[in-house]
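Peer 1: here is my input; please provide its structure:
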Amino acid sequence: MSSGARTHWTLPAVIVLWTSLWGIVSSYPIPSRTNATLLEKKWETLFSRSYLGITGGKSELNWESDYLQGIKRVRRLYCNVGIGFHLQVLPDGRISGEHNENQY
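Peer 2: Numbers count the residues shown, from 1 in each chain. Presented below is the predicted three-dimensional model:
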């Protein structure tokens, strides 16, 4: 094969590859916010989904004051360090823990 035949097929392949890459790169939006604000938004969404049980928007209720005025709930967290134990965050802010799981 002559080098002219290779050039004949190589040039269109390079052009197709270049335009494909350009199309992919240009389709991504340029972020107007910094990574810090994007990270804060992700944490806020995660918190609202896990704590408030909503789809990710901000709650219209002030959960801190509503929590203190309403029914005081005991929060339990399981710690998987060593033999494992349950941590309890009590309504007054104290933290206690026990190795045996209780029914509550």
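Peer 1: use CA for all of it now, contacts and neighbours both
Peer 2: OK.
Peer 1: domain parsing for the protein?
Peer 2: What automatic domain parsing lists as the domains of the chain is 1-30, 33-70, 72-104.
Peer 1: where among the ones you listed is average confidence lowest?
Peer 2: Mean pLDDT across those is lowest at domain 33-70; the value there is a mean of 56.
Peer 1: what sits against Leu17?
Peer 2: Contacts for Leu17 (CA atoms under 8 Å, 6 or more residues apart in numbering) come out as none.
Peer 1: how about the secondary structure of it?
Peer 2: helix (DSSP: H, G, I helix; E, B strand; the rest coil).
Peer 1: and it, how close does it get to Leu11?
Peer 2: 10 Å (CA to CA, to the nearest Å).
Peer 1: joint contacts of these two?
Peer 2: If you check Leu17 and Leu11 against CA under 8 Å, 6+ apart, no residue is contacted by both.
Peer 1: can I assume Val14 sits in a helix?
Peer 2: Yes. Remark: Val14 belongs to a helix, assigned using three-state DSSP.
Peer 1: can you get me a residue count around it?
Peer 2: Val14 has 11 neighbouring residues, counting by other CA atoms under 10 Å.
Peer 1: can you offset everything so residue one is 41?
Peer 2: With the count now opening at 41, the last piece we talked about shows up as Val54.
Peer 1: can you tell me how far it is from Leu130?
Peer 2: In terms of CA to CA, Val54 sits 66 Å off from Leu130.
Peer 1: ditto for Ile64
Peer 2: In terms of CA to CA, Ile64 sits 52 Å off from Leu130.
Peer 1: looking at those two, which is more packed in?
Peer 2: Counted by other CA under 10 Å, Ile64 and Leu130 do not tie: Leu130 has more neighbours, with 14 against 9.
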